[in-house]
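Participant: Sequence and predicted structure are below.
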Amino acid sequence: MPLRLRALRTSASILTLLIAMSAAYAADIGLSPARLSLTAPPGGTVSGQTTVFSTSAHPVGLTVSMGDWTQAADGKLTFLPAGAADHSATPWATLSTTSLVVPPNGNSIVRVTFKVPNDPKLAGTYQTVVFFETQGKPSSAGSTQLLTKERLGLVVYLTIAGTGTSGSKLSDMYLQGRDLMVVLSNSGNTLMRATGNVEIRDKSGKTVAKMPVRDVPVMRGSERDLTLALPKDLGPGYYVALALIDDSRGGSLVGQLPFQLGN
Amino acid sequence: MPRLGSLTLAGLLLAAAMLPVVASAQDLGTVTFSPTAQQVYDAATGNDPGRIPPDPTSDPISFSIQAWGNVRVVVQSDIPVPFELIADYSSDTRGAVPEVTLSTSQQTVFDANWGWRYRVARVDVNYWLHLTGPTPPGVYTVTVTYTLIGANSVTNTIRVTIPPLLGVRLSGGDTVAFDYSSAPQTYYAAIGGTLPPTSPGTTLTSVDVLSASSFTLAAALAPAGAGKSLPAGSLRLNGVALTSSPSPVVSGSGTGSAFQPVLRPSDFALAVTGQEQPGTYNAVVTYTVTSP
């Protein structure tokens, strides 16, 4: 009898603990790095890793999975099932784990390993994303209740060694209302990252505004439309927009657009 | 002769006071700091990661000062940085300031007025990194100069590498509620339109993102497995009707080095048609943040 009583007490304490854990939600999760750029030859293997952390006072359970994504010209992402996108590296990937528990105010390391097929036709940059997703909890309030989950994506670019081609141009600039549109084209088969400035000069040639272009990704063989809002204090008059943008693979893109702002 | 003698003594005193800071080279070496992502993340979220020591591969920094009389040694860094670099000094003499937080202004580390009266002093320098708040990612290279006033100077380099971070946080809580059980007239008036979340019931105050570079926050709606399911498209977030596929609802060029709110409860809305059955509806909203 005393033994049975002790067993019952143990069960009760475990139940309480489980309830307490399920009632905790992940206040935050972080990743570093949030992006990997890897290189491997056909038939080669390459690995990368990221650190997942949280400042939550409770353990944070995470599901780790893979998916695909594409980016539209306006920069919007579309997430697709694993292996569904062109130039997907997902089929070559293996995760070190598909679930993990980040300790309270701690971190965990997750590795992703790619075994590239030995196919001479492979060329350029392939991409995938590794998702880290929290586990939501049932809510107890409201007649319509939304449970919330957080998910961070580790974007991975994998370039087949020795097969990259670059090529880019600033293919268009135009004004759309008070937005300056800058169209970048990447004709290469690797990822391009664009960084630079667009200066606005007045009729006398004086620079009156400078709009930064910060580390914008332009996928292989695609265009990217940048929307840059003109400063609100830019009054009526004649101006010239001068774009000077660096391609991360080398070279600079230059373009200019004379325009007039009315009242 | 006496005149010549006094001149010689003055010249000697001047020469002695101008004796230099001595090191084997003008550049004393490089000290590197590589804080972990956890330490940078702690600082970004308001938790003090404490003092961080240099990488073990850093050069040891030491120099000698040869001088006497009314001399002073100052330290100065060349650029402002968004963290603290702390130097402490140990010497085979007395009189050094215990520690200094480096800045672009000159700070005295040895002064004859502090009782430092030795002609030769060997100084070992220990550096520490203190992340005092959100810190933009990148590599910071700082040149630290020690100058014996009136004589020469020596320098060393400090290099700090801050890793990039991506984070998402739910502030306040994780629940957004639309509880109109006690306000049917509000529901009736909203038919054909949308309803805002209700309080009490809603605990979420904001969805926050941490990303130094461009990011996208996408949201998707899924059945919760209990209660009635919300029809696809009935929940609007930032004007976007959510479906089972993640839809971009916020894009940004970056939030700097700290968490910034990108969604608030007022960005949620529930479209009602009047055909809803009474009861409790449950759904799961997943926020996906990426920085491609």
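Facilitator: Nice, I can see it. All of these numbers come straight from a predicted model, not from anything done at the bench.

Participant: State the pLDDT value of the residue of chain B found nearest chain A.
Facilitator: Nearest residue of chain B to chain A (Cβ to the nearest Cβ) works out as B:Ala177 at 2.8 Å. All C-beta spots, glycine's among them, are computed from the backbone N, C-alpha and C. B:Ala177 carries a pLDDT value of 85.

Participant: for chain B, what are the nearby residues on the stretch 151-263 of chain A?
Facilitator: A:Arg151, A:Leu152, A:Gly153, A:Val155, A:Arg214, A:Asp215, A:Val216, A:Pro217 (Cβ under 8 Å from any Cβ of the partner chain).

Participant: of these, buried ones?
Facilitator: Neighbour-count burial within those applies to A:Arg151, A:Leu152, A:Gly153, A:Val155, A:Val216, A:Pro217; the criterion is 16 or more other Cβ atoms under 10 Å in any protein chain shown.

Participant: So which residues on the stretch 1-150 of chain B come close to chain A?
Facilitator: Residues of the stretch 1-150 of chain B lying close to chain A (Cβ under 8 Å from any Cβ) are B:Thr36, B:Ala37, B:Gln38, B:Val40, B:Tyr41, B:Asp42, B:Thr45, B:Asn47.

Participant: Quickly find the element holding B:Gln185.
Facilitator: Assigning secondary structure by DSSP states H and E places B:Gln185 in helix B:184-190.

Participant: just how off-centre is the following helix or strand past that helix within its chain?
Facilitator: Sequence order places strand B:194-195 as the next helix or strand after helix B:184-190, per DSSP H and E. Centre-to-centre, strand B:194-195 and its host chain are 40 Å apart (Cα atoms, centre = their mean, to the nearest Å).

Participant: helices or strands next to strand B:194-195 in the packing?
Facilitator: strand B:268-271 (3 or more Cβ pairs under 8 Å, 6 or more residues apart in numbering or on different chains; DSSP states H and E).

Participant: Okay, buried residues for the strand it packs on please.
Facilitator: Neighbour-count burial for strand B:268-271 flags B:Phe268, B:Ala269, B:Leu270, B:Ala271 (criterion: 16+ other Cβ under 10 Å).

Participant: Also stretch A:112-126?
Facilitator: By neighbour count on 16+ other Cβ under 10 Å, the buried set for stretch A:112-126 is A:Val112, A:Phe114, A:Val116, A:Leu122, A:Ala123, A:Gly124, A:Thr125, A:Tyr126.

Participant: and B:Ala258, what is it in contact with?
Facilitator: By Cβ atoms under 8 Å, 6 or more residues apart in numbering or on different chains, the contact set of B:Ala258 is B:Ala44, B:Gly133, B:Pro134, B:Leu210.

Participant: in the stretch 1-150 of chain B, which spans are strands?
Facilitator: Counting by DSSP state E, counting those that start in this stretch, the segments of the stretch 1-150 of chain B that form strands are B:21-22, B:27-33, B:51-52, B:61-66, B:72-77, B:84-91, B:99-101, B:107-111, B:120-130, B:138-148.

Participant: Redo the ones you listed as JSON lines? Include distance to B:Ala220 and mean neighbour count.
Facilitator: As requested, these are exported to JSON lines (distance: least, Cβ to Cβ, whole Å; neighbours: other Cβ atoms under 10 Å in any protein chain shown):
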{"stretch": "strand B:21-22", "distance to B:Ala220": "63", "mean neighbour count": "18"}
{"stretch": "strand B:27-33", "distance to B:Ala220": "40", "mean neighbour count": "19"}
{"stretch": "strand B:51-52", "distance to B:Ala220": "39", "mean neighbour count": "16"}
{"stretch": "strand B:61-66", "distance to B:Ala220": "53", "mean neighbour count": "20"}
{"stretch": "strand B:72-77", "distance to B:Ala220": "48", "mean neighbour count": "20"}
{"stretch": "strand B:84-91", "distance to B:Ala220": "42", "mean neighbour count": "18"}
{"stretch": "strand B:99-101", "distance to B:Ala220": "47", "mean neighbour count": "14"}
{"stretch": "strand B:107-111", "distance to B:Ala220": "54", "mean neighbour count": "19"}
{"stretch": "strand B:120-130", "distance to B:Ala220": "40", "mean neighbour count": "18"}
{"stretch": "strand B:138-148", "distance to B:Ala220": "33", "mean neighbour count": "17"}
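
Participant: what would these look like in TSV with mean pLDDT?
Facilitator: Converted to TSV, the strands of the stretch 1-150 of chain B look like this (pLDDT from 0 to 100):
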stretch	mean pLDDT
strand B:21-22	62
strand B:27-33	93
strand B:51-52	96
strand B:61-66	85
strand B:72-77	90
strand B:84-91	91
strand B:99-101	93
strand B:107-111	85
strand B:120-130	89
strand B:138-148	93
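
Participant: nearest to A:Asp179, of the ones you listed?
Facilitator: Nearest to A:Asp179 among the strands of the stretch 1-150 of chain B is strand B:138-148 (29.3 Å), distances taken as Cβ to Cβ.

Participant: how about the residues of the stretch 151-263 of chain A next to chain B, which pair is most distant?
Facilitator: A:Arg151 and A:Arg214 (24.1 Å).

Participant: Tell me the spacing between A:Gly196 and B:Ser34.
Facilitator: Going from A:Gly196 to B:Ser34 by Cβ to Cβ, to the nearest Å gives 29 Å.

Participant: Show me which of the two is the more surrounded one.
Facilitator: It is A:Gly196, of A:Gly196 and B:Ser34, that has more neighbours when counted by other Cβ atoms under 10 Å in any protein chain shown, with 20 against 15.

Participant: Would you mind measuring from the more buried one to chain B?
Facilitator: Taking Cβ to the nearest Cβ, to the nearest Å as the measure, A:Gly196 falls 14 Å from chain B.

Participant: And the strands in the stretch 151-263 of chain A?
Facilitator: When secondary structure is read from DSSP E, counting those that start in this stretch, the stretch 151-263 of chain A shows strands at A:168-176, A:179-186, A:192-202, A:207-218, A:222-229, A:237-247, A:252-261.

Participant: Understood, closing this out.
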